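K.L.:
Need coordinates for the below:
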Amino acid sequence: MFEVVVTTCLALASGGAAPACRDMLLAGYETPTQAACEAQLPDLSRKYDDPRCVPIGPALEITEVAPGVFAHLGRIEEPDQDNRGDVANLGFILGADSVAVIDTGSARWIGESLWRAIRQHTDKPVSHVILTHTHPDHVLGTDAFRTTGAKIVSHATLPRALADRQANYAESLTRLIGPAFAGSTAPDADITVEPDAPMQIDLGGRILTLHAWPTAHTGNDLTVLDQETGTFFTGDLVFHLHTPALDGSVLGWLDVLEQLQTLDIARIVPGHGGPVLDWPEGAKDQRRYLETLRDDTRAAIANGTRLGDAVTTIADSEADKWQLFEAYNPRNATVAFTELEWE
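P.N.:
Numbering: from 1, shown residues only. Take a look at the predicted model:
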């Protein structure tokens, strides 16, 4: 098999370093032979500089967690040049007519590798790319699907949130993962879902229900339920092993988890860890952590503890139960303190 690539470069900030370049996939132009691939190049040359044909590149590792439902397990690490930003769970669901992708990773190369993984299982078109929230490790690979005609779907508040943060995200990931970030851009949403107005997508005999939630993990959490198998993609509403990251409301998050208990779910794909967990057992540890975060924060406020001192002790009983605790818990304590001090 052969695919079409073009060169994309990333200007690095360090002291006049030369731009770092890589081959960027143009998804949707794969062919079984090099001759067939090269026959496409004259038309593509009108849109892209120097497109060329190369043997097909590596695909992401995926697991079929239910019939027709696939998940990729991201590393439980901070993004760096070794993992190249592959630190979040992603997935896709196959219907009779088309495919839906759920999240795309921290960089375009991850979205490209996810596309190749899809093509190992089906030649059906990708009709929708569904983004579960605004954090960069879930959305910045989306541009890889731009050439496929897929519609980008998000929570109604995600476009504004992403617009406000995209420059900071790009600067941070350029520094953290370097050349692997080349070609990555923030996506625009084609379809948005309003809170309390669930939307359904039909992939051809396979219905997905999308639900936009009130402020919880973030202000723009969106979940995806595959009605056929009861598989529920939670995004970062559920963390496993990885310390939860609070960027919204600790009270709102606990309330949403309570609402999720009422849904008919067979299994979940969390945003980190797993990649598949039983329900509701799969959220038990996270619920305990959030309750501890809430209760310790309230106690610190009641005792008159200053924020700078409180963040060093809030939820410290959870330290040995989570990975990346030192990176995330102080931030969580700060967000929770700011929320709860005005109760």
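K.L.:
Need phi/psi at Arg22.
P.N.:
phi -150, psi 160 (degrees, to the nearest 10).
K.L.:
Distance check, the nearest residue in space to it that is not next to it in sequence against Gly85.
P.N.:
Closest residue to Arg22 apart from its sequence neighbours, by CB to CB, 6 or more residues apart in numbering: Ala182 at 5.1 Å. (Each C-beta comes from the backbone N, C-alpha and C, glycine too.) Distance check for Ala182 against Gly85: by CB to CB, to the nearest Å, it reads 12 Å.
K.L.:
residue boundaries of the strands in the stretch 1-150 of the chain?
P.N.:
Using DSSP state E, counting those that start in this stretch, the strands of the stretch 1-150 of the chain run over 2-10, 20-25, 52-55, 63-66, 69-72, 90-94, 99-102, 126-130.
K.L.:
Pick the most deeply packed of these.
P.N.:
strand 99-102 (a mean of 28; mean count of other CB atoms under 10 Å).
K.L.:
so what strands line up beside that strand?
P.N.:
Paired with strand 99-102 in the same sheet, following DSSP bridges, are strand 90-94 (antiparallel), strand 126-130 (parallel).
K.L.:
so what's the residue nearest to Arg22 up against?
P.N.:
Going by CB atoms under 8 Å, 6 or more residues apart in numbering, Ala182 touches Thr8, Cys9, Leu10, Ala20, Cys21, Arg22, Met24, Arg108.
K.L.:
one more time with 7 Å, if that's ok
P.N.:
Ala182 makes contacts with Thr8, Cys9, Leu10, Ala20, Cys21, Arg22, as judged by CB atoms under 7 Å, 6 or more residues apart in numbering.
K.L.:
can you check Val153 too?
P.N.:
By CB under 7 Å, 6+ apart, the neighbours of Val153 are His128, Val129, Ile130, Leu131, Ala189, Ile191, Val193, Leu210.
K.L.:
domains of the protein?
P.N.:
1-57, 58-281 (automatic domain parsing).
K.L.:
Let's have the strands of the stretch 1-150 of the chain in JSON lines, adding distance to Leu241 and mean pLDDT.
P.N.:
Output for those, formatted as JSON lines (distance: least, CB to CB, whole Å; pLDDT from 0 to 100):
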{"stretch": "strand 2-10", "distance to Leu241": "31", "mean pLDDT": "92"}
{"stretch": "strand 20-25", "distance to Leu241": "30", "mean pLDDT": "89"}
{"stretch": "strand 52-55", "distance to Leu241": "36", "mean pLDDT": "96"}
{"stretch": "strand 63-66", "distance to Leu241": "16", "mean pLDDT": "97"}
{"stretch": "strand 69-72", "distance to Leu241": "15", "mean pLDDT": "98"}
{"stretch": "strand 90-94", "distance to Leu241": "17", "mean pLDDT": "98"}
{"stretch": "strand 99-102", "distance to Leu241": "20", "mean pLDDT": "98"}
{"stretch": "strand 126-130", "distance to Leu241": "24", "mean pLDDT": "98"}
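K.L.:
What's the local residue count around Gly205?
P.N.:
9 (other CB atoms under 10 Å).
K.L.:
Make sure it is indeed in a helix.
P.N.:
No: using DSSP: H, G, I helix; E, B strand; the rest coil, the assignment for Gly205 is coil, not a helix.
K.L.:
Hmm, Ile93 and it touching each other?
P.N.:
No: when contacts are counted by CB atoms under 7 Å, Gly205 is not listed as touching Ile93 (11.9 Å).
K.L.:
tell me which helix or strand of this structure sits lowest on mean pLDDT?
P.N.:
Every helix and strand in the chain was compared by mean pLDDT, DSSP states H and E; the lowest is strand 20-25, with a mean of 89.
K.L.:
between that strand and strand 2-10, how many degrees?
P.N.:
Angle of strand 20-25 versus strand 2-10, following axes from the mean of the first three to the mean of the last three CA atoms, to 10 degrees, is 150 degrees.
K.L.:
Now for the contacts of Val153: which two are most distant?
P.N.:
Distance extremes for the contacts of Val153: the farthest pair is Val129 and Val193 at 13.5 Å, using CB to CB.
K.L.:
so how far is Gly219 from Arg160?
P.N.:
Arg160 is 9 Å from Gly219, by CB to CB.
K.L.:
if you count what's nearby, which of the two comes out ahead?
P.N.:
Gly219 (20 against 12).
K.L.:
Name the spans of this protein whose pLDDT lies under the cut-off.
P.N.:
Within the chain, the stretches with pLDDT under 70 are 11-18.
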